[in-house]
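In: got a predicted model here, sequence first, then my questions.
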Amino acid sequence: MELHSFVSISHVILDYLGTLAFAMSAALVAVEKKFDIVGLAVLALVTAIGGGVLRDVIIGQHPPAAFTGFSHIGIALAAAGLVFLWQPPAKLTGWPLQVTDALGLAVFCVTGTAIAAHSGLTAPSAALLGAMTAIGGGVIRDLLSGETPILLRPDSELYAIPAMFGASITAFLIHFNIYSDLTGMAAALGAFGLRMLALHFHWHAPQARRRA
Amino acid sequence: MELHSFVSISHVILDYLGTLAFAMSAALVAVEKKFDIVGLAVLALVTAIGGGVLRDVIIGQHPPAAFTGFSHIGIALAAAGLVFLWQPPAKLTGWPLQVTDALGLAVFCVTGTAIAAHSGLTAPSAALLGAMTAIGGGVIRDLLSGETPILLRPDSELYAIPAMFGASITAFLIHFNIYSDLTGMAAALGAFGLRMLALHFHWHAPQARRRA
Amino acid sequence: MELHSFVSISHVILDYLGTLAFAMSAALVAVEKKFDIVGLAVLALVTAIGGGVLRDVIIGQHPPAAFTGFSHIGIALAAAGLVFLWQPPAKLTGWPLQVTDALGLAVFCVTGTAIAAHSGLTAPSAALLGAMTAIGGGVIRDLLSGETPILLRPDSELYAIPAMFGASITAFLIHFNIYSDLTGMAAALGAFGLRMLALHFHWHAPQARRRA
């Protein structure tokens, strides 16, 4: 029970940290792109809640979770305000932001899969939607800011693969009835670790050879 | 009663005028981009109904209002046909179009918020979705035509802020049970006035300072 | 009965062929764009199932049909894998791919309209959503790969118009209660034939004249 509560609270904290990291990354992109404060707030908001809203719209969760409370929207707007008023120095937006972003990726692929499976989806579909929860916001961010989604490009370290890894493990755990806060945390840790390793060793997904 | 009917009819007229303006603006962009008649019709349609469809999909209104009748789709396609056959001269597409577009913005942020609140959303979420109703179509238009959404760019006069202003007042009115056709019209008038002032005085939203 | 079964099986085969063609076309675009294997799989998947998921989200079919089984997702991922491992030579990706893609377009505009009408939409709305089912995936593919949607551009042969043609005939058939597997196949054949004729004779949709 103690452990359960501890894990659940950790989970909420990680969920908020991930939301914060996604919003911060988008706000920094917005500054880079010279967007105004509206663009900064919009980009931070859709990046932070976009993946989850997409998932909820697809599984028929109305209204999407992000709109039932104000914590995720509030965190995203606070991140936008912070970056607007005090743009963090580069040393805080390098590794610290990547680690926090990886935490968000890891948490969202696990919780996204669990929510999708709970709505009645089969394991493979739930895993797909879970990965989409984790990476969807970033794709919307890139589209809105006029970039080819990082997800698709070969010059970025593995991002979707750790998400798909964590989501698949989660779907597997759920399918065999051994999903719990604890095993879910382990799946998230796996996704987080894989993302960190990919960043550290500059692992890239392979490209298809093209005909001459 | 008389007043109530009068206001409701005005509301329907403004709703149609806004739809027309949104479709016209998109059709003119399509001509500028040298799209063909299909591109012109598609762009006019998704711009005119896109914000409302997004809202309805998020709150779980199936099918979205735009698909239950044919008036909005018909108006959008008629606007596309008009621009295709007889491209309006510049003097009709400058200020007149901006005023009509501002009417659409003002009406949609109020009605969008009211519809979202009626579906059970809390005031802040309803205001967000209301503003999204008003600005969503334009974002889709810009994405499809290969432009960075005007919404995000600092070189455009305030657009999202008047929408958020009208939506917030509406959410406030609803929260305190004083929303009516009349107070709703006042909220729309506030959003419209703010947009007009922004256009006239070239008000821009501030940008974050960037580190050297 | 014999005929009915034959037509229904043909229908399933065409549905799978269309999904395969859409996924292949996207995978080839991904190779062209030098995306990595993740980009290739994501692009193939969203192109193949995107139009149908959009339709289902709009009509309130939760979860969307593509997520209830694994056949469409499996076909899309298999196509991505095939293109990754063995990029088909140009002679297989020219006319053969265009014919298969036209089959997909034809099948999806008919089945999309039928599904939308079955959900309670009126004929014009059902036709619109049916056409969107057929062309939506391609629009998402172009947006994600940083291109102006082919749909909007005058330099491509008629694509949306055959889809709208097949969808309108289907909506008409349903409205007058004469829709069956057989008449539905005829509508699909009409859309297919129109697309093939447009490709063969290089029919383009007209552009609006622009003022000097």
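Out: Sure thing, it's come through. Because the structure is a prediction, the values reported are computed rather than measured. Numbering: from 1, shown residues only, chains lettered A, B, ... in the order given.
In: beyond the worst-scoring helix or strand of chain A on mean pLDDT, next helix or strand please.
Out: One helix or strand of chain A scores below all others by mean pLDDT, DSSP states H and E: helix A:90-93, with a mean of 74. Where DSSP states H and E defines the elements, the next helix or strand beyond helix A:90-93 is helix A:95-118.
In: could you identify the longest helix within chain A?
Out: When chain A is parsed with DSSP state H, its longest helix is helix A:2-32.
In: which elements pack onto the next helix or strand after that helix?
Out: Counting by DSSP H and E, the next helix or strand C-terminal to helix A:2-32 is helix A:37-59. Other elements packing on helix A:37-59 under the criterion 3 or more C-beta pairs under 8 Å, 6 or more residues apart in numbering or on different chains; DSSP states H and E are helix A:2-32, helix A:71-85, helix A:95-118, helix A:123-144, helix B:37-59, helix B:160-175, helix C:37-59. Bear in mind the C-beta positions are built from the backbone N, C-alpha and C, glycine included.
In: what helices or strands is the second one leaning on?
Out: With contacts defined as 3+ C-beta pairs under 8 Å, 6+ apart, the secondary structure elements packing on helix A:71-85 are helix A:2-32, helix A:37-59, helix B:123-144.
In: next: the fourth one.
Out: Here helix A:123-144 is seen to pack against helix A:2-32, helix A:37-59, helix A:95-118, helix A:160-175, helix B:123-144, helix C:71-85, helix C:123-144 when contacts are counted using 3+ C-beta pairs under 8 Å, 6+ apart.
In: just the first one next, same as before
Out: Other helices and strands packing on helix A:2-32, by 3+ C-beta pairs under 8 Å, 6+ apart, are helix A:37-59, helix A:71-85, helix A:95-118, helix A:123-144, helix A:181-201.
In: in a markdown table, list these along with mean pLDDT and mean neighbour count.
Out: Output for those, formatted as a markdown table (pLDDT from 0 to 100; neighbours: other C-beta atoms under 10 Å in any protein chain shown):
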| stretch | mean pLDDT | mean neighbour count |
| --- | --- | --- |
| helix A:37-59 | 94 | 26 |
| helix A:71-85 | 93 | 19 |
| helix A:95-118 | 90 | 23 |
| helix A:123-144 | 94 | 26 |
| helix A:181-201 | 94 | 18 |
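In: for the ones you listed, which one sits closest to B:F84?
Out: Across the helices and strands packed on helix A:2-32, B:F84 has its closest neighbour in helix A:123-144 (28.1 Å, C-beta to C-beta).
In: and the angle for the closest one with helix A:95-118?
Out: 140 degrees (axes from the mean of the first three to the mean of the last three C-alpha atoms, to 10 degrees).
In: just how off-centre is helix A:123-144 within its chain?
Out: Taking the mean of its C-alpha atoms, helix A:123-144 sits 8 Å from the chain's own mean (C-alpha atoms, centre = their mean, to the nearest Å).
In: what angle do it and helix C:37-59 make?
Out: Helix A:123-144 and helix C:37-59 are oriented at 100 degrees to each other (the same axes, to 10 degrees).
In: quick one: contacts of stretch A:186-202?
Out: Stretch A:186-202 has contacts (C-beta atoms under 8 Å, 6 or more residues apart in numbering or on different chains) with A:14, A:98-99, A:102-103, A:105-107, A:109-110, A:157-159, A:161-163, A:165-167, A:169-170, A:173, A:203.
In: same question, stretch A:10-18
Out: The contact list for stretch A:10-18 (C-beta under 8 Å, 6+ apart) reads A:71, A:75, A:100-101, A:103-108, A:111, A:181, A:184-185, A:188.
In: just to revisit the earlier point, tabulate the helices and strands packed on helix A:2-32 (TSV), appending distance to C:I58.
Out: As requested, the helices and strands packed on helix A:2-32 are arranged in TSV below (distance: least, C-beta to C-beta, whole Å):
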stretch	distance to C:I58
helix A:37-59	10
helix A:71-85	24
helix A:95-118	19
helix A:123-144	18
helix A:181-201	32
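In: tell me the bridge partners for A:D36.
Out: Counting by DSSP bridges, A:D36 is bridged to B:Q207.
In: report how many residues lie close to it.
Out: Neighbourhood size, A:D36 [other C-beta atoms under 10 Å in any protein chain shown]: 24.
In: isn't it right up against B:L152?
Out: Yes: the pair A:D36 / B:L152 is scored as a contact, 7.5 Å apart, by C-beta atoms under 8 Å.
In: if we can go back for a sec, tell me the angle the longest helix of chain A makes with helix A:181-201.
Out: Interaxial angle of helix A:2-32 relative to helix A:181-201 (the same axes, to 10 degrees): 40 degrees.
In: ok, back up a step: for the helices and strands packed on helix A:123-144, give me a markdown table that also has distance to A:G146.
Out: Rendered in a markdown table, the data for these read as follows (distance: least, C-beta to C-beta, whole Å):
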| stretch | distance to A:G146 |
| --- | --- |
| helix A:2-32 | 10 |
| helix A:37-59 | 11 |
| helix A:95-118 | 21 |
| helix A:160-175 | 21 |
| helix B:123-144 | 9 |
| helix C:71-85 | 26 |
| helix C:123-144 | 11 |
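In: closest one to A:L85 among those?
Out: Of all the helices and strands packed on helix A:123-144, it is helix A:37-59 that lies closest to A:L85, at 9.9 Å by C-beta to C-beta.
In: and the gap between A:V12 and chain B?
Out: 20 Å (C-beta to the nearest C-beta, to the nearest Å).
In: and for A:L82?
Out: According to C-beta to the nearest C-beta, A:L82 and chain B sit 10 Å apart.
In: what does A:G112 give?
Out: In this view, A:G112 and chain B are 17 Å apart by C-beta to the nearest C-beta.
In: just A:G193 next, same as before
Out: Separation of A:G193 from chain B (C-beta to the nearest C-beta) stands at 32 Å.
In: now swap in A:G136 and tell me
Out: Relative to chain B, A:G136 is positioned 14 Å away (C-beta to the nearest C-beta).
In: now A:R55
Out: The gap separating A:R55 from chain B is 12 Å, by C-beta to the nearest C-beta.
In: ok, A:A65 next?
Out: 11 Å.
In: isn't that residue right up against A:G51?
Out: No: no contact is recorded between A:A65 and A:G51 when judged using C-beta under 8 Å, the distance being 11.3 Å.
In: and stretch A:77-96, how far from the chain's centre?
Out: Here stretch A:77-96 is found 18 Å from its chain centre; the criterion is C-alpha atoms, centre = their mean.
In: list the contacts of the closest residue to A:P154 other than its chain neighbours.
Out: Nearest non-adjacent residue to A:P154, counting by C-beta to C-beta, 6 or more residues apart in numbering or on different chains: C:D36, 3.9 Å away. C:D36 sits next to A:L152, A:R153, A:P154, A:H204, A:A205, A:P206, A:Q207 when contact means C-beta under 8 Å, 6+ apart.
In: thought the last one was touching C:K34?
Out: Think A:Q207. Yes: A:Q207 is within contact range of C:K34, at 6.1 Å (criterion: C-beta under 8 Å).
In: just send the helices and strands packed on helix A:37-59 back as JSON lines, with distance to C:F22 too.
Out: Listed next are the helices and strands packed on helix A:37-59 as JSON lines, based on distance: least, C-beta to C-beta, whole Å:
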{"stretch": "helix A:2-32", "distance to C:F22": "30"}
{"stretch": "helix A:71-85", "distance to C:F22": "34"}
{"stretch": "helix A:95-118", "distance to C:F22": "24"}
{"stretch": "helix A:123-144", "distance to C:F22": "17"}
{"stretch": "helix B:37-59", "distance to C:F22": "19"}
{"stretch": "helix B:160-175", "distance to C:F22": "35"}
{"stretch": "helix C:37-59", "distance to C:F22": "5"}
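In: these: which one's closest to C:L128?
Out: For C:L128, the closest of the helices and strands packed on helix A:37-59 is helix B:37-59, at 8.1 Å, according to C-beta to C-beta.
In: and the angle for the closest one with helix C:160-175?
Out: Using the same axes, to 10 degrees: helix B:37-59 against helix C:160-175 is 60 degrees.
In: output helix B:37-59 as CSV, nothing but the C-alphas.
Out: Extracted in CSV, the C-alpha atoms of helix B:37-59 (Å, rounded to 0.1, in the frame of the first residue of the first chain):
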residue,chain,number,x,y,z
ILE,B,37,-10.8,24.8,-58.4
VAL,B,38,-10.6,21.7,-56.2
GLY,B,39,-7.9,23.3,-54.0
LEU,B,40,-10.0,26.5,-53.8
ALA,B,41,-13.1,24.6,-52.7
VAL,B,42,-11.3,22.4,-50.2
LEU,B,43,-9.5,25.4,-48.7
ALA,B,44,-12.7,27.4,-48.4
LEU,B,45,-14.6,24.6,-46.9
VAL,B,46,-12.0,23.5,-44.2
THR,B,47,-11.3,27.1,-43.2
ALA,B,48,-15.0,27.9,-42.8
ILE,B,49,-16.1,24.8,-40.9
GLY,B,50,-12.7,23.5,-39.6
GLY,B,51,-12.7,25.3,-36.2
GLY,B,52,-16.3,24.1,-35.4
VAL,B,53,-15.6,20.6,-36.5
LEU,B,54,-12.5,20.4,-34.3
ARG,B,55,-14.5,21.7,-31.4
ASP,B,56,-17.3,19.2,-31.9
VAL,B,57,-14.9,16.3,-32.3
ILE,B,58,-13.3,17.2,-29.0
ILE,B,59,-16.5,17.6,-27.0
